[in-house]
Every structure is written in C-alpha cells, then in structure tokens.
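Trainee: Show me the folded form of this:
(one chain, ligands or ions: 1)
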Amino acid sequence: MLLADHHRQFQSTVMRLGEKVIAPIADEVDRTDQLPLDVLDQLAENGLVQLVVPEAYGGPGGDLTSLCLGREAIARCGSMALAQLVGQNGIVAYPILHFGTEEQKQRFLPALATGVLACVGLTEAGAGSNPTVMTTRARQDGSTWVVNGHKSFISYGKAARYCLLFARTSEGKGARGISAFVVETDSEGFVEGRHNDKLGGRGIPNVELFLEDLRVPAENMIGQEGEGFAAAMRALHLMRPPIAAIAVGGAQAALDYAIGYARAREQGGIALAAHQGLRWMLADMATQTEAARSLLFECARQIDAGLPLDQIATISSMAKWKCAEVAMGVATDAVQVLGAAGYMRDHPVERYLRDAKLMAIYEGTSQIQLNTIARGVIG
Ligand SMILES: Cc1cc2nc3c(=O)[nH]c(=O)nc-3n(C[C@H](O)[C@H](O)[C@H](O)COP(=O)(O)OP(=O)(O)OC[C@H]3O[C@@H](n4cnc5c(N)ncnc54)[C@H](O)[C@@H]3O)c2cc1C
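Mentor: Sure thing, here's the model as predicted:
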C-alpha cells in the first residue's frame, strides 16, 4: 500500500519499536495475562498511547490513518492484544474532543496527553449489544450525580485513569435519558470486582465494575443530560477502524508465519509451499488480507479527509466487520498450514486465532456491525 511520507515514517518507527519491545514479550504476556507496565510506559513515552490527543492540548495530534497504521504495526509484530495500547485513550479523548466543552477539554485532554490509560463503562450483564436497556442509574444531588450500578467485561478497569461511564439519568425511550460522564477511577465508589479470564486479548485486564454511591461532579457530564449516549456513540464509531487495524495486522502476522513455515517444512522431500493446495490457500489468505487493508485505509482516508462524524458509521462498521472476519479466516487457515504444530502453543498462530475471535465481539459484535451497515445502505 502506498503511503504519504509522514505516514510511512511513522509506520516504520512503530514497527521498529514493536520488533524491539513487543515481539520478544508477546507470548509471555499471553501466558501470564499481565499488562506489561514497562512496555506501556515506553509506548506512552513515544506518544503512542495518547496518539490522537491534539497538539493544542499537548498530544501528538495523530490522525486516524496514523492510529490504524500504529495498531496494524504492533499487531503485525506479534501482539494483537498490545496493539490496543496504540491510541488507547482515544476512547475517552474522542468523545471529549467532539462533545465536551472547552473547559472539559482543558481539564482532561492535557492529562490524557501524558499517556494515561482510559476505559469505557458501557456494557452490563443484561445490556450488551443493546446497551440502552442498562440499569445503572445516576441521580442528581446538588452539584453532583450519584451513580449506582454494575458494569461487565470492562477493559482496563482501574488500570485506567479515566472512565467514560454511561448511566441512565432520566426515564426515556432507548438511548434517550442515558448520560455520559468522565470519571476518575480512583474515586470512592468506583470499585473493581472479578478479573475475567479470557480466551484471547490476554494481557489487557478485563474486569467487573461496581458503582457504589459514586459521586461525579456535574461538570464531568459529556454532552447534554440524557443525550450523552447518542453523542458519545458517534465519537466511539471512530474506534472501530482501529479495531479493524488490529485485525489486519494479526492477519498479516498469521500469513507471514504460515508462509515461513510452509517454505521451511518438507513432507516426503517436498516443501509444503510447493503443494498447490497450500499455495492457493496462502494466495487466498494474502488477497483477503490486502483487500481488508484496502477497505480499512480507505475508511481512515475518508474520515481524515473530513467525512462528518454523523456519516462515518456505515464505512467504519464495514471496515470492522470485514477485517474481523478476514482475521479469523486467515488465522484459521494459518493453523491449518502448520497442521498439528499450529495447534500447539510452540507457535504463535494458535494465539492469533484466539485473539482474532475478539475482533468480532468487542466494540460491537459482527452482527451489530452488519445491522449498522444494513441501516446505512438499505435504511
Ligand atoms: C475482551 C472484551 C473486552 C471488552 N471491553 C469492553 C469495555 O471496555 N467496555 C464495555 O463497555 N464493554 C466491553 N466489552 C463488552 C462487549 O462490547 C460486549 O460483549 C458486546 O457488545 C456484546 O455484548 P454481549 O456480550 O452482551 O452479547 P449479546 O448482546 O448477548 O449478544 C450475543 C449474541 O447475539 C447477537 N446479537 C445480539 N443482538 C443482536 C441483534 N440485534 N441482531 C443480531 N444479532 C444480535 C450478538 O452478535 C452475539 O453474537 C468487552 C468484551 C470483551 C469480550
């Protein structure tokens, strides 16, 4: 893929860093399921965690193309899990940037620009694909909101410094009545429960959250009361292409590994890579990966070129859906190319397969992406 000079330079810088600090620990992070804090610090020192925070607020001001290139590069270096750390705090920075007041931008963005982690508290046990049925409630008490509820499957939890937390503040139909707040995770009443044991994406903490009389200053509400959900969701559509980017990087890593293995291994005096059946499989994997990459970077290009936020849902969902499906297909085929070896933990392709599955579940499942696409193209 042809890139502008500054994007190509950024991509090579992240690749170099990824080869140096991510590739050597990718397997261990998967086994221990521990967030490597020293690597997180190095990514933050290089401006990667805070990539999308604008220069005006002390950040590097990376565009969506850079964010996708950075995530693709880290995933390609062997860790789809740690690729999430690139532009990680965009999940809170983007909603503040698009729907926060200038006072909120001045208060939160310079802190995010230091590279602290952020999290989103949306999903509940009974409210996943349709979060509007959430039961977490906030009631106003003078100049604060008092939040009570339980959130499930929340990435990072208290490892994050800020949480974009959703709660119902008034009765309303669907999304109406749900507000969004930026909460400091060390606040009293922001309580972390069980750490979930995951199939993939290991190394990134995932927790249950309990909100117990959590008091949030009224000035931390993002957007209008009762309108925050709809607003924040529009900004969070910007985080779908970066998931697609992890998927593309993971597919490329699986493909590269499978090609290397097929060249090196012989059966009956013939290299695996000489069998037409496997050659076609690898050719198909390469083509699927390149097609997914093209859709992803076309999506990023359109958004960077100024596609309005209320029009990005369809293309963002197309990129996330397609790239997630391709990652799963390519990782499955990579395991097949390696045969029994591919099924063992001695090779990374089984990990890529486990990590690829997540791409079709979080930040909206593949079915929800298809619903969004159908709404966009059919009505
Ligand atoms: C590792 C991990 C990290 C996560 N991190 C976060 C986080 O940081 N913050 C957060 O808030 N959430 C997080 N989540 C939650 C995630 O966003 C939800 O799991 C996801 O939205 C799906 O919700 P659910 O699991 O309740 O599935 P359900 O909604 O119960 O869906 C079950 C199945 O039904 C399908 N389905 C549901 N509704 C429809 C429909 N209308 N049409 C067609 N099919 C449908 C789904 O696609 C899925 O296949 C995370 C999840 C995981 C696994």
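Trainee: contacting residues around the residue of the stretch 51-200 of the chain found nearest the ligand?
Mentor: Nearest to the ligand in the stretch 51-200 of the chain, going by C-beta to the nearest ligand atom, is residue 128, at a distance of 1.8 Å. All C-beta atoms are positioned from the backbone trio N, CA, C, and that covers glycine. Residue 128 is in contact with residue 152, counting by C-beta atoms under 8 Å, 6 or more residues apart in numbering.
Trainee: how close does it get to residue 357?
Mentor: 16 Å (C-beta to C-beta, to the nearest Å).
Trainee: Bridging across strands, which residues link to residue 183?
Mentor: Beta-bridge pairing of residue 183 under DSSP bridges involves residue 163.
Trainee: I figured it hits residue 160, correct?
Mentor: No. The pair residue 183 and residue 160 fails to qualify as a contact (C-beta atoms under 8 Å) at a distance of 9.9 Å.
Trainee: which bits of the chain sit near the ligand?
Mentor: 119-123, 128-129, 153-155, 198, 201, 206, 358, 361-362, 364-365, 367-368, 371 (C-beta under 6 Å from any ligand atom).
Trainee: Can you select the buried ones from the residues you listed in PyMOL?
Mentor: Only the buried members of these end up in this PyMOL selection, burial being decided by 16 or more other C-beta atoms under 10 Å:
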select buried, resi 119+120+121+122+123+128+153+154+155+198+201+206+358+361+364+365+368
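Trainee: out of the residues of the chain next to the ligand, which are inside strands?
Mentor: Using DSSP state E, 119-121, 153-155, 206 are the members of these that sit in strands.
Trainee: would you turn those residues into JSON lines with distance to residue 166 and pLDDT?
Mentor: Shown next, in JSON lines, are those (distance: C-beta to C-beta, whole Å; pLDDT from 0 to 100):
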{"residue": "119", "distance to residue 166": "12", "pLDDT": "98"}
{"residue": "120", "distance to residue 166": "8", "pLDDT": "97"}
{"residue": "121", "distance to residue 166": "6", "pLDDT": "97"}
{"residue": "153", "distance to residue 166": "14", "pLDDT": "98"}
{"residue": "154", "distance to residue 166": "11", "pLDDT": "98"}
{"residue": "155", "distance to residue 166": "15", "pLDDT": "98"}
{"residue": "206", "distance to residue 166": "17", "pLDDT": "98"}
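Trainee: which stretches of the chain aren't confidently modelled?
Mentor: Residues of the chain meeting the criterion pLDDT under 70: none.
Trainee: Give me the distance between the residue most central in space within the chain and the ligand.
Mentor: Nearest residue to the geometric centre of the chain (C-alpha atoms, centre = their mean): residue 243, 4.5 Å. According to C-beta to the nearest ligand atom, to the nearest Å, residue 243 stands 11 Å off from the ligand.
Trainee: Quick check, that residue in contact with residue 366.
Mentor: No. Using C-beta under 8 Å, residue 243 makes no contact with residue 366, being 11.1 Å away.
Trainee: Common neighbours of these two, please.
Mentor: Counting by C-beta under 8 Å, 6+ apart, the residues touching both residue 243 and residue 366 are residue 324.
Trainee: Which parts of the stretch 151-300 of the chain are strands?
Mentor: 162-168, 178-184, 190-195, 206-217, 221-222, 266-267, 270-271 (DSSP state E, counting those that start in this stretch).
Trainee: Please identify the deepest-packed of those strands.
Mentor: Mean neighbours per residue, mean count of other C-beta atoms under 10 Å, is largest over the strands of the stretch 151-300 of the chain for strand 162-168, with a mean of 27.
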